[in-house]
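A predicted structure for the sequence below; I have some questions about it.
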Amino acid sequence: MDVTARLAAHALVFTREQKRRVLDGATLAFGPGEIVSLLGANGSGKTTLLRLMLGFLRPEAGAVALEGRDLRAWSRRDIAKRVAYVAQNHVAPFPYRVRDVVLLGRLPRAGWLTPVTGRDFESADALLDQLGILSLAERSYTEVSGGERQLVLIARALAQGARLLVMDEPMAGLDYGAQIRLMRLLQDLKQKGLGVLLSTHHPEHAFWASDSIALLEQGRIAANGAPHDVLNAEAIERLYRVQVKTLTAPDGRHAFLPE
């Protein structure tokens, strides 16, 4: 792995306007060629941590570095060339066609006035096809379902051509088949050098697809390491306050069922 291309947060502290401390020394990093899953209960600060790592929010203390350089020293355009982001929610200001939304991903590299080429269209359609939604290419983005919009946003992020991808609960709203196709696509892209940091409420997906898993508790990363070392029934019970039992597949992967 190219450690110089990592996005790294160190000891981040962040307090909301209501004076509630959300993060209290959170440290997390990822780089090309790895998938890192971030798990935590609702309100634990997962989205806040991701937004701080992208520079959308400013921490009270701590620092974020991209390629070993303070994130504040980068322009937004240069960050976008290196890091793509898929948010939980997105409202389109205009009824763009689905294909046009994907083509917006090329802007950090091409600019507004650069003509769209035949290769750009082919690349956009290839991404839509990989995600199983090529049939939506001519549809209005505002008319497709919430889960389909999420897949369109993922295609747009991949169109940026960045080496790092940050995804905030990308499985939300996706049916089971779309979830599996997405995880397989991310694994394929990892083999080509893409780095992924994603937040999720699906321990099984994290266990299946991740190189490492980070658990966010009480404003800090309480554990971070290989799935087998971090994710177990005790960790699930501590995070979500439910008792579970562990099922182990023949290949060693875990699934969790409520007691």
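Here it is on my side, so go on. Numbering: from 1, shown residues only.

what about the strands in this protein?
Ranges of strands within the chain are 7-15, 21-30, 35-39, 61-66, 69-70, 83-86, 164-168, 195-199, 212-217, 220-225, 244-248, 254-258, based on DSSP state E.

So which of the ones you listed is nearest Gln187?
strand 35-39 (7.2 Å; C-beta to C-beta). Using the backbone N, CA and C atoms, a C-beta is placed for each residue, glycine as well.

and Val152, what is it in contact with?
Counting by C-beta atoms under 8 Å, 6 or more residues apart in numbering, Val152 makes contact with 98, 101-102, 128, 133, 136, 141, 144.

Now with 7 Å, please.
Going by C-beta atoms under 7 Å, 6 or more residues apart in numbering, Val152 touches 98, 101-102, 133, 141.

Out of these, flag the one nearest to Ala87.
Using C-beta to C-beta, the contacts of Val152 come closest to Ala87 at Val101, 13.3 Å.

you'd agree Leu103 is up against Pro115?
No. Here Leu103 lies out of contact with Pro115, judged by C-beta atoms under 7 Å, at a distance of 11.3 Å.

The helix or strand of the chain with the lowest mean pLDDT - contacts with which helices or strands?
None of the helices or strands of the chain scores lower by mean pLDDT, DSSP states H and E than helix 107-110, at a mean of 82. Other helices and strands packing on helix 107-110, by 3 or more C-beta pairs under 7 Å, 6 or more residues apart in numbering; DSSP states H and E, are helix 76-82.

what about 10 Å?
Where contact means 3 or more C-beta pairs under 10 Å, 6 or more residues apart in numbering; DSSP states H and E, helix 107-110 is packed against helix 76-82, helix 146-159.

Please list the residues outside the longest helix seen in the chain that contact it.
Assignment by DSSP state H gives helix 176-191 as the longest helix of the chain. Residues outside helix 176-191 that contact it (C-beta atoms under 10 Å, 6 or more residues apart in numbering) are 32-35, 127, 130-133, 147-148, 150-151, 154-155, 158, 165, 167, 170-175, 194-196, 198, 200, 202, 204-206, 208-211.

Show me which positions of that helix end up buried.
In terms of neighbour count (16 or more other C-beta atoms under 10 Å), helix 176-191 has its buried residues at 178-179, 181-183, 185-186, 189-190.

From what I see, Ala233 and His254 are in contact.
Yes. Counting by C-beta atoms under 10 Å, His254 is a contact partner of Ala233 at 8.7 Å.

Look at those two and report which has more neighbours.
His254 (18 against 15; other C-beta atoms under 10 Å).

Provide a list of residues in contact with the more buried one.
His254 sits next to 203-204, 207-208, 227-228, 231-233, 236, 246-248 when contact means C-beta under 10 Å, 6+ apart.

any idea which of those residues is the one closest to Gly68?
Nearest to Gly68 among the contacts of His254, counting by C-beta to C-beta, is Pro227 at 27.4 Å.

Just give the closest residue to the closest one, not the sequence neighbours.
Phe207 (4.7 Å; C-beta to C-beta, 6 or more residues apart in numbering).

follow-up on the earlier one: please say which of Leu103 and Pro115 ends up with more neighbours.
Per other C-beta under 10 Å, whichever of Leu103 and Pro115 has more neighbours is Leu103, with 20 against 6.
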